[in-house]
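Asker: 3D model of this:
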Amino acid sequence: MDAQQKDDLLWKLAKRRAGFKWSIAMYMTMNIFLTVLWFITTKGDAFFWPAWSICGWGMGMVYQYLNAYHLDGLPGATEEYKKLKKQNHQ
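Answerer: Got it, this is the predicted structure:
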């Protein structure tokens, strides 16, 4: 893998990580807002409906986190990249 290819991969990884940071900020902001809204409207006596947003959106956040910080570090990723690149150039 030459320097340009590594730079391109690093750029994609940097964009994923920056995107995750933005997404986690929005996740926290919106779910805090929904929780406050729930508490104000029900005084805490009703079903905690913000849990649906927290859990559903949270699953997406876990996927985005793994994609940004862990999936590129899987063993064999570089070898698979080289293999796919060879197949596409034949």
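Asker: okay, CA-based contacts and neighbour counts for the rest of this
Answerer: Fine.
Asker: Taking the centroid of this structure, which residue is nearest it?
Answerer: Gln64 (1.5 Å; Cα atoms, centre = their mean).
Asker: Which residue is the nearest non-sequential neighbour of that residue?
Answerer: Phe20 (6.3 Å; Cα to Cα, 6 or more residues apart in numbering).
Asker: check which helix or strand covers the one you found.
Answerer: helix 3-42 (DSSP states H and E).
Asker: Next, the buried residues of the worst-scoring helix or strand of the chain on mean pLDDT.
Answerer: Ranking every helix and strand in the chain by mean pLDDT, DSSP states H and E puts helix 77-88 at the bottom, with a mean of 76. Along helix 77-88, not one residue counts as buried under the neighbour rule (16 or more other Cα atoms under 10 Å).
Asker: who touches the helix or strand hosting Gly58?
Answerer: Using DSSP H and E, Gly58 sits in helix 50-69. Taking contacts as Cα atoms under 8 Å, 6 or more residues apart in numbering, the residues outside helix 50-69 that touch it are 13, 16-17, 20, 23-24, 27, 31, 34-35, 38.
Asker: how far is stretch 17-26 from where the chain is centred?
Answerer: 7 Å (Cα atoms, centre = their mean, to the nearest Å).
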